[in-house]
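K.L.:
Here is a sequence together with a model predicted from it:
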Amino acid sequence: MTKKCIYCGAEIPKDSVIDFCEKCGKGVWGEKMFNAIVENMNHARSNGDLCHSRVDEIREFKTTFD
Ligand SMILES: [Zn+2]
């Protein structure tokens, strides 16, 4: 079972911590922000913290940068 990018539908690794591909992520958030999100998600996953509201978490996370 593979996941698909929520923006362009490209296949992404099923163990990816994010629901979109790198290209779209960088397009939406910019490279620096994208890398920060991935880092944040990897950290959350390593803490066993990752839940179903990942997109909401990303939104919250983003607002801290706005
Ligand atoms: Zn994509």
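P.N.:
That came in fine, so what should we check first?

K.L.:
any idea how far the residue nearest the centre of the chain lies from Cys8?
P.N.:
Centre of the chain computed as the mean C-alpha position; nearest residue by C-alpha atoms, centre = their mean is Ile18, 3.1 Å away. Remark: distance between Ile18 and Cys8 (C-beta to C-beta, to the nearest Å) = 13 Å. Quick note: C-beta positions are derived from backbone N, CA and C, even for glycine.

K.L.:
repeat for Gly27
P.N.:
9 Å.

K.L.:
Does stretch 9-28 reach the ion?
P.N.:
Yes. Residues of stretch 9-28 are located near the ion by C-beta under 5 Å from the ion, namely 10, 21, 24.

K.L.:
Neighbour count and secondary structure added to the residues you listed, as a markdown table?
P.N.:
Supplementary listing: the residues of stretch 9-28 next to the ion in a markdown table, determined by neighbours: other C-beta atoms under 10 Å; DSSP: H, G, I helix; E, B strand; the rest coil:
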| residue | neighbour count | secondary structure |
| --- | --- | --- |
| Ala10 | 13 | coil |
| Cys21 | 21 | coil |
| Cys24 | 19 | helix |
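
K.L.:
Run through the residues that contact Asn35.
P.N.:
Not one residue lies near Asn35 by C-beta atoms under 8 Å, 6 or more residues apart in numbering.

K.L.:
The chain should start at 2 in everything you say after this.
P.N.:
Sure, I'll start counting at 2 from here, so that last one is Asn36.

K.L.:
Surely it is within a helix?
P.N.:
Yes. Membership of Asn36 in a helix is supported by DSSP: H, G, I helix; E, B strand; the rest coil.

K.L.:
pLDDT at it, what is it?
P.N.:
Reading off the confidence values, Asn36 has pLDDT 94.

K.L.:
next one: the one 5 residues further on
P.N.:
Per-residue confidence (pLDDT) for Asn41: 89.

K.L.:
Buried residues, stretch 14-31. List them.
P.N.:
Residues of stretch 14-31 classed as buried: 17-23, 25-26, 30 (neighbour count, 16 or more other C-beta atoms under 10 Å).

K.L.:
I'd like the distance from it to the chain centre, please.
P.N.:
Relative to its chain's centre, stretch 14-31 lies at 5 Å (C-alpha atoms, centre = their mean, to the nearest Å).
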